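Chemist: please work out how this folds:
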Amino acid sequence: MRRLRDDPSGPDGGNELLLSVDFEDWHQLVRRRIGVAGWEAPGPALARQTMALLELLDELGARATFFVLGMCARAHPRLVEQIVERGHELGCHGDRHLPVVAQTPAEFAADLARARETIASLSGRRPLGYRAPAFSITRDCAAWAYAALVDAGFAYDASQHDSPRIRGRMVSASPYPHPLTVAGGATLWEFPVAVWHNGRRRLPVGGASYWTLAPTRLVLHGLARAAPLAGLYLHPQELDPEPLRVGLEPGARLGQRAHAALRAAQRNLGRRRTPEVLRAIAERHPLITYGEAYARLTRGAPEGP
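Modeler: Here you go, the predicted structure:
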């Protein structure tokens, strides 16, 4: 396997890390989770969240890979255009945020096709990379899921995350980006999420949802010991400058209201910390897109934007 160079670090010694955003509408997905009728209606906050995120990335001089959800892109085409205009890469996050393991191979193929076509029609380019909703390519579906990605024309996957919270997770053969050989001998590159392995213990340090649970110094300590070119991921709601609220109709049940309030409280804590942690990471680590890393690793493959 080729790495980018013998010492893939920045001027201050920090390992290069891959920055990504799972581009989805938190409001929409929470309403589906709690069983609200008409949950498909776009939420009111995604534009505000996206602009706050894009402005922060501009401040940091960083470019990210946005793994875009198809139904979200169709509801917010102008936001997708703005992401591309700012120089970021578009990847695919599926169409309706359905766990891969909960789909049949035929359903998964259809979900991929619709999302990829949506992204291509809005941006003029087909995404090279894919990330499963909730990192849901598990041991039960990995063989056919990876084959489906290759059949659909994807060049890399970013769904392996060695987190104890993910049931049946695929534990990466290597913490570095590496090629997978799938059915028929085709190659699909895998880009694992950053995890700090400390003896038998492992601490996920690549996701903003985990940054809420750990002091910034511990996150930075773990990232300094994670593999070069490990992945980071954010969500738009984690950069919202205003408090998150789930808008419910007056007739919503008490249980739905309680569940919505709990979800908002959990995410509001992360919303307050994510910009601070990302700034601290960017001070120590060069941040690049998955497409840039893939292009270097494969020497001459297209780089995204």
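Chemist: wait, a strand at Leu18?
Modeler: Yes - secondary structure assignment (DSSP: H, G, I helix; E, B strand; the rest coil) places Leu18 inside a strand.
Chemist: separation between Thr65 and Ala155?
Modeler: Counting by Cβ to Cβ, to the nearest Å, the separation of Thr65 from Ala155 is 12 Å. Glycine gets a C-beta too; all of them are placed from N, C-alpha and C.
Chemist: tell me which of these two has more neighbours.
Modeler: Thr65 (33 against 20; other Cβ atoms under 10 Å).
Chemist: ok, the more buried one - contacts?
Modeler: Contact analysis of Thr65 by Cβ atoms under 8 Å, 6 or more residues apart in numbering lists 18-21, 88-91, 129, 158, 289-291, 304.
Chemist: quick one, phi/psi of it?
Modeler: phi -100, psi 120 (degrees, to the nearest 10).
Chemist: repeat for Gly207
Modeler: phi -120, psi 140.
Chemist: thought it was touching Val193?
Modeler: Yes - contact criterion Cβ atoms under 8 Å: Gly207 and Val193 qualify, at 6.7 Å.
Chemist: shared neighbours of the two, anything?
Modeler: With Cβ under 8 Å, 6+ apart as the test, Gly207 and Val193 both reach 161, 163, 232-233.
Chemist: did I read that right, Ser159 in a strand?
Modeler: No - judged by three-state DSSP, Ser159 forms no part of a strand; its state is coil.
Chemist: any idea how far it is from Val205?
Modeler: For Ser159, the distance to Val205 - Cβ to Cβ - is 18 Å.
Chemist: about what we covered before: pLDDT and distance to Leu53 for the contacts of Thr65 - can I get that in CSV?
Modeler: Shown next, in CSV, are these (pLDDT from 0 to 100; distance: Cβ to Cβ, whole Å):
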residue, pLDDT, distance to Leu53
Leu18, 98, 16
Leu19, 98, 11
Ser20, 98, 12
Val21, 98, 7
His88, 98, 10
Glu89, 98, 14
Leu90, 98, 15
Gly91, 98, 15
Gly129, 98, 19
Ala158, 97, 18
Thr289, 98, 15
Tyr290, 98, 17
Gly291, 97, 18
Gly304, 41, 18
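Chemist: that older thread, what about Ser159 and Val205, which has more around it?
Modeler: A count of neighbours by other Cβ under 10 Å puts Ser159 above the other of Ser159 and Val205, at 28 against 25.
Chemist: which stretches of the stretch 1-150 of the chain have low pLDDT?
Modeler: 1-13 (pLDDT under 70).
Chemist: can you give me the helices for it?
Modeler: 26-33, 46-60, 70-75, 77-85, 105-123, 142-151 (DSSP state H, counting those that start in this stretch).
Chemist: out of the ones you listed, which is closest to Leu239?
Modeler: helix 46-60 (4.3 Å; Cβ to Cβ).
Chemist: gap between Arg74 and Arg245?
Modeler: 24 Å.
Chemist: scratch that, Leu213 is what I was asking about
Modeler: 23 Å.
Chemist: can I assume Leu244 is in contact with Asn268?
Modeler: Yes - between Leu244 and Asn268 there is a contact under Cβ under 8 Å: 5.4 Å.
Chemist: more neighbours: which of those two?
Modeler: Using other Cβ under 10 Å, the more surrounded residue of Leu244 and Asn268 is Leu244, with 22 against 17.
Chemist: ok so that one is a helix residue?
Modeler: No - secondary structure of Leu244 (three-state DSSP): coil, not part of a helix.
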